[in-house]
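Enquirer: Need the 3D shape of this:
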Amino acid sequence: MSLDETDATPSADAALPGALPDELRAELIAFRRDLHMHPELGNCEFRTTAALKARLEKAGLSPRVLPSGTGLICDIGPWDGVTPALALRGDIDALPIPDTKTVPYRSTVADRAHACGHDVHTTVVLGAGLVLAELAREGRLRRPVRLLFQPAEEVLPGGAADAIEGGALDGVGRILALHCDPKVEVGRIGLRTGPITSACDRLEISLDGPGGHTARPHLTTDLVTATAKVITEVPALLARRADARSGLAVTWGRVESGHACNVIPQHAELSATVRCLDLPAWRAAPDLVHAAIDEVATLHRAKSEINYIRGVPPVVNEATSTELLRDAMVARRGSIAVEDTEQSLGGEDFSWYLEKVPGAMARLGVRRVGDTTRRDLHAGDFDVDEGAIEVGVELFTAAALLERNVL
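Expert: Okay, the predicted model is just below:
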């Protein structure tokens, strides 16, 4: 199915619900603000899970907490044991950074903030679930829908793998998600077929040597110099040993060594992220990175110990699922509400679901109209135009109703 994308006005498809009732819109904004004030880190989202469970049960649904103890799934609509469900995924965890905004709903937990928009993602899936539950009672939902509230997205390798092991994808034929994007104006979404995020792994390195006096570096391992060479030369080596189109990159985030200006230390520690744009490079990255580090460290007589921690592969949007999101947005807000988006270097564990079933992720515009301030995710001042919640609910509900035409 493909709607006429030259039409800038929403479709009058009678199967689609109208605008959110004022009462539900206000409730969802209040729910999001409550989550924002009480952020919880990955695998510790007990309050968030309880709040979701209570609201879904109030709507007459039967949510099930995931085996990990946080996060939950909730099925809506007809289920014949054969028809695959459409899953709508929202991540529920926050980040370990302070909330620096001055707003009534500022985080009440020190050094914890919903600085990536997961409170919005969660609220959108909840809102879509409440709307779809009412449509199911009216007999207007043709296929089953599963709400998936996933914990620990920010904890590599991500909570998606645990959710899958806990049965989150059992009976699911397609999965959709969205992610806040402060570069996209509220009322719009960004879409891309193919890779929309990048792979992201973590790298921990220890370098060791005998240490000594800075007057005699030639008699020992000059560990600080060896560390500096690893920092500068390993990325340069990788740039020549991997296809440049893969974007394989090591970026250092932590370096620690030494305690005195005249003592060559015995130990150094480095931490980094490893990112790349495509699956083949991601699969080859551990061996390439290990070899480059060993080569540089050995040249400078340092002993290296490498802990390469697998993170997540790229999110690769499947074509049919991407078109479903496009058609859903066009049906609700017209083709003007959809824009192309580029692949980012951020990582997202939604990719693990796409290893199992087709699906796609949209970028949800959260920038206030007319706001020219440059904002980014994972920053203490991150905030959204809360009108984005209604947009996300419209997107997911329309996708659930149009899904019957593409499965």
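
Enquirer: Quick one: low-confidence residue ranges for the stretch 101-250 of the chain.
Expert: Counting by pLDDT under 70, the stretch 101-250 of the chain contains no low-confidence range.

Enquirer: hey, where'd the helices end up in the stretch 251-400 of the chain?
Expert: Secondary structure of the stretch 251-400 of the chain (DSSP state H, counting those that start in this stretch): helices at 279-299, 319-333, 351-354, 387-402.

Enquirer: in the second one, what counts as buried?
Expert: With burial defined by 16 or more other Cβ atoms under 10 Å, the residues of helix 319-333 counted as buried are 321-333. For glycine as for every other residue, the C-beta is placed from the backbone atoms N, C-alpha and C.

Enquirer: mean confidence for it?
Expert: Averaged over helix 319-333, pLDDT sits at 97.

Enquirer: Which neighbouring elements make contact with that helix?
Expert: Counting contacts by 3 or more Cβ pairs under 8 Å, 6 or more residues apart in numbering; DSSP states H and E, helix 319-333 packs against strand 172-185, strand 189-191, strand 338-340, strand 359-367, helix 387-402.

Enquirer: Tabulate those (JSON lines), appending distance to residue 84 and mean neighbour count.
Expert: Output for the helices and strands packed on helix 319-333, formatted as JSON lines (distance: least, Cβ to Cβ, whole Å; neighbours: other Cβ atoms under 10 Å):
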{"stretch": "strand 172-185", "distance to residue 84": "3", "mean neighbour count": "22"}
{"stretch": "strand 189-191", "distance to residue 84": "22", "mean neighbour count": "21"}
{"stretch": "strand 338-340", "distance to residue 84": "26", "mean neighbour count": "14"}
{"stretch": "strand 359-367", "distance to residue 84": "12", "mean neighbour count": "26"}
{"stretch": "helix 387-402", "distance to residue 84": "13", "mean neighbour count": "25"}
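
Enquirer: want to throw these into TSV with distance to residue 147?
Expert: Below are those laid out as TSV (distance: least, Cβ to Cβ, whole Å):
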stretch	distance to residue 147
strand 172-185	11
strand 189-191	20
strand 338-340	24
strand 359-367	15
helix 387-402	10
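
Enquirer: Go through those and name the closest to residue 31.
Expert: Among the helices and strands packed on helix 319-333, helix 387-402 comes nearest to residue 31, with 9.0 Å by Cβ to Cβ.

Enquirer: quick one: the closest one to strand 172-185, angle?
Expert: Helix 387-402 and strand 172-185 are oriented at 150 degrees to each other (axes from the mean of the first three to the mean of the last three Cα atoms, to 10 degrees).

Enquirer: Export helix 387-402 to CSV, keeping only CA atoms.
Expert: C-alpha atoms of helix 387-402 as CSV (Å, rounded to 0.1, in the frame of the first residue of the first chain):
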residue,chain,number,x,y,z
GLY,A,387,3.0,18.2,21.4
ALA,A,388,5.2,15.5,20.1
ILE,A,389,3.4,13.0,22.4
GLU,A,390,0.2,13.4,20.5
VAL,A,391,2.1,13.1,17.2
GLY,A,392,3.7,9.9,18.2
VAL,A,393,0.4,8.4,19.4
GLU,A,394,-1.2,9.3,16.1
LEU,A,395,1.7,7.7,14.2
PHE,A,396,1.5,4.4,16.1
THR,A,397,-2.3,4.1,16.1
ALA,A,398,-2.5,4.8,12.4
ALA,A,399,0.3,2.2,11.7
ALA,A,400,-1.6,-0.4,13.8
LEU,A,401,-4.8,0.2,11.8
LEU,A,402,-3.0,0.3,8.4
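
Enquirer: Compare the helices of the stretch 251-400 of the chain and give me the one nearest residue 47.
Expert: helix 387-402 (19.8 Å).

Enquirer: sorry, back to before: now for the buried residues of helix 319-333, which pair is the farthest apart?
Expert: 321 and 333 (18.9 Å).

Enquirer: returning to that earlier point: so which of the helices of the stretch 251-400 of the chain gets nearest residue 164?
Expert: helix 351-354 (6.4 Å).

Enquirer: other SSEs contacting that closest one?
Expert: Going by 3+ Cβ pairs under 8 Å, 6+ apart, helix 351-354 lies up against helix 160-165, strand 316-317.

Enquirer: Show me which positions of that helix end up buried.
Expert: 351-354.

Enquirer: my read: residue 254 touches residue 268, true?
Expert: No: with contact defined as Cβ atoms under 8 Å, residue 254 does not count as touching residue 268 (10.8 Å).

Enquirer: Tell me which of those two has more neighbours.
Expert: Applying other Cβ atoms under 10 Å to residue 254 and residue 268 shows that residue 268 carries more neighbours, namely 22 against 9.

Enquirer: is it true that residue 379 touches residue 116?
Expert: No: using Cβ under 8 Å, residue 379 makes no contact with residue 116, being 9.5 Å away.

Enquirer: Of those two, give the one with the bigger neighbour count.
Expert: The residue with more neighbours, out of residue 379 and residue 116, is residue 116; 22 against 16, by other Cβ under 10 Å.

Enquirer: Any chance of the backbone angles for the more buried one?
Expert: Backbone torsions for residue 116, taken as degrees, to the nearest 10, come to phi -130, psi 0.
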